[in-house]
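*Asks:* Generate coordinates for the sequence data below:
(chains A and B)
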Amino acid sequence: MSILLDMLLISSCLPLASLQMHLLPVDYVILVAYLAVIIAVGFVAKRYMKSADDFFLSGRSIPGWVTGLAFISANLGAQEVLGMAASGAEYGMMTSHFYWVGAIPAMVFLGVFMMPMYYGSKARSVPEYLKMRYDEKTRTFNSISFALLTLFSSGISMHALADMLRLLLGWNYHVSLFVTSAIVLAYVLKGGLSSAIYNEVLQFFMIVFGIAPLAWMALHDLGGWEGLVARMNEVKPQAMHSWVGTSGTENPMGVPWYGIILGLGFVLSFGYWCTNFAEVQRALAANSMGAARRTPLIGAIPKMLFPAIVILPGIIAFALTSDVVGGGYAIPKDVHGHLNYNQVLPSMIVHYFPSGMLGLALTALMASFMSGMAANVTAFNTVWTYDIYQQKFGKDKNDAQLMMMGKLATVAGILLSIGCAYLASNWNNIMAALQTVFGFINAPLFATFLLGMFTKRSNSTGAFWGLVIGTSAALAFYGLSFATGNPPGVKGGWISPVIEFRKELSQGFSVAIVAFSTTFLVNAALTLIKGREKSDDELRGLVYSLTPKQADGDEPWYARPAVIGSLVLLACLILNLIFW
Amino acid sequence: MDLRFPIGYLFSLLGLILVVWGVIGGKETLAKDGLNINLTWGIVMLVFGAVMWFFAKRGAKKG
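*Replies:* Purely as a prediction, here's the structure:
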């Protein structure tokens, strides 16, 4: 799942010859070998599963490098891999802001400043932290909105996978949907969160090995990096820069620099990475406070380099499309004759990879969908069991009963996701509207967390009404704004199209800023009116100033969160300067 | 479970498959520009898998 990217309508045009994969037996051997290993991992992980805590939280026993790679793999779903290549083709280097302004600083903030409270409070989920810090109704609001979000996200992801397999290989949509779901169901049911996390790490390497050679091979067609730069300077010079042209809106994304930093960076990315339970759950499974804090920091290192694998192919695809002497690759067009950016990555794979590599890349794409689906399902079953079921119906339930409920929730979660996938395949508009809503749902939550974790005064009245009013304000702002060329409807403007934006992205960033600010102000105002409600003792370990400073003096210097965090931020700054 | 074992097994196996295919597959294994990408990338994956397996084995001996 990713931030504010449109639903992937890969099949918005009829199957094209340039998109058909012809597999040989060797490709199937690769696919089967991968599937056999991930199912085997589920069976091995089961041996270590003794209690409900093992099923939902891996018994807090996993080393930091594993949770760190799982942390980014959980986000490597359909939209990340295919969507970032599509954005690379459409917006060029500006797409890197999703990483070097958005994800990386947010991950450093989570690891260095927020993790001591998340991990130290022993909360078993993000909603449970809200219950400890604020109250029951704030938790309920968050657990219900999060449960819906995860089901829809995994449904959309599964729809995109089945649709892609139908288009590339001519496989039956329903069979693809049910078979991939059954595989994820099998290993999550067997080994719980541990097998999801272990497999996310395998999937991470699978994705890297399957997709990485693409940029290298395609670059060869353009005469290397110099050839790419020369070509892009002729056809779309701004696409090679991330910040040039952002003093106004005259840039590929149509967003000024403050919109990028505040909207995409501070509100949306911090909101997603710091409060989405599918991410935070990976860190909660770590075997120590140090490992939990290092989880997002270790993940940030490969994440920082991901643009080379997912964005660069998109830029190269655009250069090749407008190149008369290139290797014959061009981005497929849709029925209206526009470039169909969502097909960039699959069509490049079909064009460049011979059999063998083709099977590897196809397996990598399937791995990316499965990791996203498993991350959503494991987060869903935990929130359902601990925050909804145990709280409302089962305060006296024992460990075995909770584990049984977790398994039932896993089956139900996958069935409901399949339902959402069918919803997505039949009613695109409903899903597009829901995605719009979910795009900013983390913004109010992040405001609530900032006030809750870093002030002692913020109270539960402020938290609950801040979330409700902030979310409503975002919906209202959506109803009043639209992007140039979009008719009133699911993309906004359904109250009255008053405020115009050049692009959907800049509209989305503004909605997020409105949602965040409203929540922040409502929370702060109600806190000032009603006053503080919890004592220092009740807030110990939940608020930054009342949480003991982490003693990482006995760890070697390179393992200290503040050191890794600073180095990662420095590297990120350098990357921004290089691709200015 | 030491995750380096399954990573080692999976990627050595996949690397080996690509290497064998690169050797016996004839024209089918070549990229459009004639590069034997299956052989090249197969070796890279095989080395990665073997290194993972080696460190897992060493870790198992130590502790």
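*Asks:* What parts of chain A come near chain B?
*Replies:* A:24, A:26, A:29-30, A:33-34, A:37, A:40-41, A:44-45, A:48, A:66, A:198, A:201-202, A:205-206, A:209, A:213, A:217, A:220-221, A:327, A:351-357, A:360 (Cβ under 8 Å from any Cβ of the partner chain). Where you see a C-beta, it was placed from the backbone N, CA and C, and this is true even at glycine.
*Asks:* which parts of chain B sit against chain A?
*Replies:* By Cβ under 8 Å from any Cβ, the residues of chain B that approach chain A are B:1, B:3, B:6-7, B:9-11, B:13-14, B:17-18, B:21-22, B:25, B:28-33, B:35, B:37-38, B:41-42, B:44-45, B:48.
*Asks:* show me the contacts for A:L228.
*Replies:* The neighbours of A:L228, taking Cβ atoms under 8 Å, 6 or more residues apart in numbering or on different chains as the test, are A:L219, A:L222, A:I315, A:I316, A:A319.
*Asks:* Look at A:L542 and tell me its secondary structure.
*Replies:* Using DSSP: H, G, I helix; E, B strand; the rest coil, the structure places A:L542 in coil.
*Asks:* Which residue, other than its chain neighbours, is closest to it?
*Replies:* Leaving aside its chain neighbours, A:L542 sits nearest to A:R133 (4.8 Å; criterion: Cβ to Cβ, 6 or more residues apart in numbering or on different chains).
*Asks:* one step back: so which of the residues of chain A next to chain B are in helices?
*Replies:* A:26, A:29-30, A:33-34, A:37, A:40-41, A:44-45, A:66, A:198, A:201-202, A:205-206, A:209, A:213, A:217, A:220-221, A:351-352, A:357, A:360 (DSSP state H).
*Asks:* For A:A400, list the residues it contacts.
*Replies:* Applying Cβ under 8 Å, 6+ apart, the residues contacting A:A400 are A:A52.
*Asks:* Local confidence estimate at it?
*Replies:* A:A400 is assigned a predicted lDDT (pLDDT) of 87.
*Asks:* next one: A:T382
*Replies:* A:T382 is given a pLDDT of 93.
*Asks:* what's the answer for A:Y478, then?
*Replies:* The score at A:Y478 is 84. That number is its pLDDT.
*Asks:* Quick check: which element contains it?
*Replies:* Counting by DSSP states H and E, the element that carries A:Y478 is helix A:460-480.
*Asks:* Where does chain A get nearest to chain B, which residue?
*Replies:* Using Cβ to the nearest Cβ, the closest approach of chain A to chain B is made by A:G356 at 4.1 Å.
*Asks:* Near that residue, how many other residues are there?
*Replies:* By other Cβ atoms under 10 Å in any protein chain shown, the residues close to A:G356 number 28.
*Asks:* Can you give me the distance of it to A:A286?
*Replies:* Distance of A:G356 to A:A286, computed by Cβ to Cβ, to the nearest Å: 37 Å.
*Asks:* and A:T67, what does it touch?
*Replies:* A:I197, A:R282, A:A283, A:A285, A:A286, A:A291, A:A292, A:T295 are the contacts of A:T67 under Cβ under 8 Å, 6+ apart.
*Asks:* doesn't A:L297 make contact with A:I564?
*Replies:* Yes - contact between A:I564 and A:L297 holds when scored by Cβ atoms under 8 Å: they sit 4.4 Å apart.
*Asks:* Of these two, give the one with the bigger neighbour count.
*Replies:* Between A:I564 and A:L297, A:L297 has the larger neighbour count (other Cβ under 10 Å), namely 27 against 22.
*Asks:* any idea which element the more buried one lies in?
*Replies:* helix A:289-305.
*Asks:* After that helix, which helix or strand is next? Please name it.
*Replies:* helix A:307-310.
*Asks:* For that following helix, what does the pLDDT average out to?
*Replies:* On average, the pLDDT along helix A:307-310 is 92.
*Asks:* which outside residues touch the helix or strand following it?
*Replies:* Per DSSP H and E, the first helix or strand lying C-terminal to helix A:307-310 is helix A:312-321. For helix A:312-321, the external contacting residues (Cβ under 8 Å, 6+ apart) are A:84-90, A:92-93, A:95, A:211, A:214-215, A:218-219, A:221-222, A:228, A:231-232, A:235-236, A:239-240, A:326-327, A:329-331, A:339, A:341, A:344-345, A:347-348.
*Asks:* Would you tell me which helix is longest in chain B?
*Replies:* For chain B, the helix with the greatest residue count under DSSP H is helix B:37-62.
*Asks:* Can you tell me which helices and strands the helix or strand harbouring A:L130 packs against?
*Replies:* According to DSSP H and E, A:L130 maps onto helix A:126-133. The contact analysis (3 or more Cβ pairs under 8 Å, 6 or more residues apart in numbering or on different chains; DSSP states H and E) places helix A:126-133 against helix A:115-120, helix A:136-169, helix A:277-284, helix A:442-454.
*Asks:* try it again with 6 Å
*Replies:* With contacts taken as 3 or more Cβ pairs under 6 Å, 6 or more residues apart in numbering or on different chains; DSSP states H and E, helix A:126-133 sits against helix A:136-169.
*Asks:* now the angle between helix A:442-454 and the helix it packs on, please.
*Replies:* Angle between the axes of helix A:136-169 and helix A:442-454 is 140 degrees (criterion: axes from the mean of the first three to the mean of the last three Cα atoms, to 10 degrees).
*Asks:* now the helix holding A:L130 against helix A:460-480, angle please.
*Replies:* Going by the same axes, to 10 degrees, helix A:126-133 is angled at 140 degrees with respect to helix A:460-480.
*Asks:* who touches helix A:126-133?
*Replies:* A:S121, A:A123, A:T138, A:R139, A:N142, A:S143, A:F277, A:V280, A:D387, A:G452, A:L542 (Cβ atoms under 6 Å, 6 or more residues apart in numbering or on different chains).
*Asks:* residues near B:I7, how many?
*Replies:* B:I7 has 25 neighbours, counted by other Cβ under 10 Å.
*Asks:* now A:L214
*Replies:* Around A:L214 there are 25 residues (other Cβ under 10 Å).
*Asks:* What's the per-residue pLDDT of it here?
*Replies:* So A:L214 comes in at 92 (pLDDT).
*Asks:* following the lowest-mean-pLDDT helix or strand in chain A, which helix or strand comes up?
*Replies:* Sorting the helices and strands of chain A by mean pLDDT, DSSP states H and E puts helix A:78 at the bottom, at a mean of 67. As assigned by DSSP H and E, the chain's next helix or strand after helix A:78 is helix A:84-91.
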